[in-house]
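> Based on what follows, work out the 3D shape:
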Amino acid sequence: MLAVAGVLAAFSAVGYFVLRPKPEPHSQGESRSIEDPRLAYGGPYQNIHPDVKYVGDEACALCHDQQTESFRRHPMGRSLFPMGSAPLRPPIDEKHRNPFSALARSFRIEQNGGRTVHHEFRGRASDAPIYDFPMEVKYAIGSGTHAQSYLWEKEGYLLQTPISWYAQKGIWDVSPGWLDVGGGRSVDGRCLFCDSNRVEPMAGYANRFAEPVFRGHTIGCERCHGPGEKHVAYWNGQAAPGQSEEYTIVNPRKLPWRQREAVCRQCHSEGETRFVKRGRELFDYRPGLPLEDFWCIVVRSEGEEEFKVVNHVEQLERSRCFQQSRDDNKLGCISCHDPHVKPAESQRVAHYRTSCLKCHESKPCHVPVAERTLKQPDDSCVACHMPRETTQEIPHISGTDHRIMRRPTSLAGHPDDAHMPPGVLPVRLLHRSPGSTLTAEDRRDLGVALAELLSLNKLHARYAENALQLLDESLQTAGDDVAAWEMKGSVLARLGKTDQALAAYREALKLRPNSENSIQAAALLSMQLKRTDDAIELWQKHRGLNPYRSLSTASLSFLLAGKGKWREAKEAADHWLQWEPGSVEGRRVRILCLLRLGERAEAAREFAILQELQPANLLEIQNWWRIETQPMDGPKAGAKR
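I've put the predicted structure just below:
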């Protein structure tokens, strides 16, 4: 017989045992690192307090119809739509790669009336496929200027489909960074922050949200101007005595440079990693306040970040234009971009040339016009000094290089972490200049950032001890910090200190018993420590929290089979294949369960499907099948396994 442990080893090899936690916002009862900045605010704006309510774009449009209408044509104003009202309808013919194949699967987009369904299938789409996994699309995310991805929903749980539209090349292909197949990819609050108006993630869940999931779909007016309740009340004649209209709503152009830029940096500064600070929730930030009071953004200490779609801020701050601009007229996002209006393609060159000439009219380009226009007939400043670069994290997409170089070069990238000088960390907090003294909360955030980057294999393992030192230092004074315990567990797991890692996640679970992240990590670590009963209990709890992920049922099917609980293992495998029908491992463990239960005819049908999938190890599987199905009184070749 094929030992279940052997299948378990194959299961691990395909990547299920990677601990990649994300720092989460605080949970009820967790200490807040600092006083809520919205409560501590002493400035003139009256819409900073957390009790001030959002009113929605419709209320804004009553008086600001022109700005509202033009914003709706801007990419930011087309960031997310219910599928039935999405303005972009990409073609779904063969010329644009529908259907297409990738990851040893096939994918197809189907539109029927008002419904759009994404299919993952094997076999010919026109014939009866080996399997067909449909995902009814509920939301289109992204304006489609560069790309557009798609979400489907189950009872408040959000998942991304494997299919995305890449506008610059005019093709369908797998979604960015897609490694998972079947069941969709979990979409958490951080994924939605920059493409939706507001959502309310449910504490502890990886991808579940309070319903209705979206409070307004596309990015709205109040994301940049703050809640509008007091502004609307003022113009409805309900102003408080002595109240000034100017301060009932935030106009970012009137803010000091740093607070003005914070409005844009909400979404246009990705860094190496970013996360919500301890004690804050995902949408706590208010325009007019410093962003670093709500979000921690971490960048490279030396060299340059990879070219990404949304690291414009980091690029801009490396430019001489930014560095030499005066504080009273500091270069920033709205120096060149009007967030309400996207220039028409025919006006684009002239628009950005005018922006450049605000500073360069007295110091014009040294290259004669005749020479410039030989290469650029429209004499575009941007084409020469801000060329488009291919992004690292999303295929088929290029973006504008915001370093504004006199003689553009490709991004050099950051130095090898292994060769950084001793005592120098490869990353720093964006809001702290190199060499700055860090507060206790800064040090905690830096520890969390190092841990997350280690878990993503973006840092050399030598920095694990730095992460542990910073996290332990913070936990001594704030032992109820769930994210710090989770990130400590991930670092210890990376170092192979499995018992200690499990203990850290157990501490996190004492504070937040329903944390999917901690339950999953503790279950995986329990499996590594051969604590099967503990692992089964944890996976069953994980499955109860999130029935729309195959990881828990995949793990349960192996563990239960290993204990000879064949019927329970088969039920888990059935659920696994419901969400990941292309899984070879899932079908193999289901076959084993069927054979042990005496359901040989069903096992044979399942094995026929498995052969049709043409796995890379088909010959080994066929040999296993012959051994497992030989007469019971024959030699048991696999007994010693």
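
> Neighbours of Q238, how many?
When neighbours are counted by other CB atoms under 10 Å, Q238 registers 10. In short, each C-beta sits where N, CA and C put it, glycine included.

> no, scratch that, I was asking about D195
Residues near D195, counting by other CB under 10 Å, number 19.

> Tell me who's in contact with it.
By CB atoms under 8 Å, 6 or more residues apart in numbering, the contact set of D195 is S79, L80, I141, G142, I219.

> Would you quantify the distance from the closest residue to it other than its chain neighbours to Y166?
Spatial nearest neighbour of D195, chain neighbours left out: S79 (4.5 Å); criterion: CB to CB, 6 or more residues apart in numbering. Computed with CB to CB, to the nearest Å, the distance linking S79 and Y166 is 17 Å.

> Would you mind confirming that the residue nearest to D195 is in contact with S196?
Yes - with contacts counted by CB atoms under 8 Å, S79 reaches S196, the gap being 6.8 Å.

> Tell me how this structure divides into domains.
4-23+439-628, 65-220 (automatic domain parsing).

> I'd like to know which of those domains lies nearest to R403.
domain 65-220 (19.3 Å; CB to CB).

> Which helix or strand contains W165?
Assigned by DSSP states H and E, W165 falls within strand 163-166.

> strand partners of that strand, parallel vs antiparallel please.
strand 147-154 (antiparallel), strand 171-174 (antiparallel) (DSSP bridges).

> Alpha carbons of it, as CSV, please.
What follows is strand 163-166 as a C-alpha-only set of coordinates in CSV (Å, rounded to 0.1, in the frame of the first residue of the first chain):
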residue,chain,number,x,y,z
ILE,A,163,-8.6,35.2,-15.0
SER,A,164,-7.6,38.8,-15.6
TRP,A,165,-7.8,41.2,-18.6
TYR,A,166,-4.5,42.9,-19.6
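
> what sits against the residue most central in space within the chain?
In the chain, the centroid-proximal residue (CA atoms, centre = their mean) is C191; its distance is 3.8 Å. By CB under 8 Å, 6+ apart, C191 lies in contact with Q160.

> Mean confidence (pLDDT) on the helix or strand encompassing it, please.
Assigned by DSSP H and E, C191 belongs to helix 189-192. Helix 189-192 shows a mean pLDDT of 94.

> Just give the number of residues close to the residue nearest to D195.
Neighbour count of S79, defined by other CB under 10 Å: 22.

> Likewise for T477?
10.

> can you map out the strands along the stretch 151-300 of the chain?
Assignment of strands within the stretch 151-300 of the chain using DSSP state E, counting those that start in this stretch yields the ranges 157-160, 163-166, 171-174, 185-186, 199-201, 209-214, 273-276, 295-300.

> what does the helix or strand just after the last one contact?
If I follow you right, that is strand 295-300. Using DSSP H and E, the helix or strand that follows strand 295-300 in sequence is helix 312-316. With contacts defined as CB under 8 Å, 6+ apart, helix 312-316 is touched by 261, 264-265, 268-269, 271, 299, 304-305, 322, 331-333, 400-404, 430.

> Find the least confident helix or strand in this protein, judged by mean pLDDT.
For the chain, counting by mean pLDDT, DSSP states H and E, helix 4-11 ranks last in confidence among helices and strands (a mean of 45).

> I'd guessed K230 sits against I249; true?
Yes - judged on CB under 8 Å, K230 makes contact with I249 at a distance of 7.5 Å.

> between those two, what contacts are shared?
By CB under 8 Å, 6+ apart, K230 and I249 have these common neighbours: N47.

> I'd assumed L282 was in contact with R190.
Yes - with contact defined as CB under 8 Å, R190 reaches L282; the gap is 7.4 Å.

> The two: which is more packed in?
Each of R190 and L282 had its neighbours counted (other CB under 10 Å), and the higher figure belongs to L282 (19 against 16).

> Next, the more buried one: phi, psi?
phi -60, psi -40 (degrees, to the nearest 10).

> Go ahead and confirm L613 touches R122.
Yes - taking contacts as CB under 8 Å, L613 lies within contact range of R122: 6.2 Å.

> Name the residues contacting each of those two.
Common neighbours of L613 and R122 are listed as I130, G582 (criterion: CB under 8 Å, 6+ apart).

> Output stretch 114-121 as PDB, restricted to C-alpha atoms.
Extracted C-alpha coordinates of stretch 114-121, given in PDB (Å, rounded to 0.1, in the frame of the first residue of the first chain):
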ATOM      1  CA  GLY A 114     -26.300  39.800 -17.400                       C
ATOM      2  CA  ARG A 115     -24.100  37.000 -16.000                       C
ATOM      3  CA  THR A 116     -20.400  36.600 -16.400                       C
ATOM      4  CA  VAL A 117     -18.900  33.200 -15.500                       C
ATOM      5  CA  HIS A 118     -15.200  32.300 -15.400                       C
ATOM      6  CA  HIS A 119     -14.400  28.700 -15.900                       C
ATOM      7  CA  GLU A 120     -11.400  26.600 -15.000                       C
ATOM      8  CA  PHE A 121     -11.600  23.300 -17.000                       C
END
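
> Low-confidence bits of the stretch 501-641 of the chain, can you list those?
By pLDDT under 70, the weakly predicted segments of the stretch 501-641 of the chain are 632-641.

> Go again with 80.
With pLDDT under 80 as the threshold, the stretch 501-641 of the chain has low-confidence stretches at 631-641.

> show me where it has strands.
Counting by DSSP E, counting those that start in this stretch, one finds no strands in the stretch 501-641 of the chain.

> Which of the contacts of D195 fall within strands?
Counting by DSSP state E, the part of the contacts of D195 found in strands is L80, I141.
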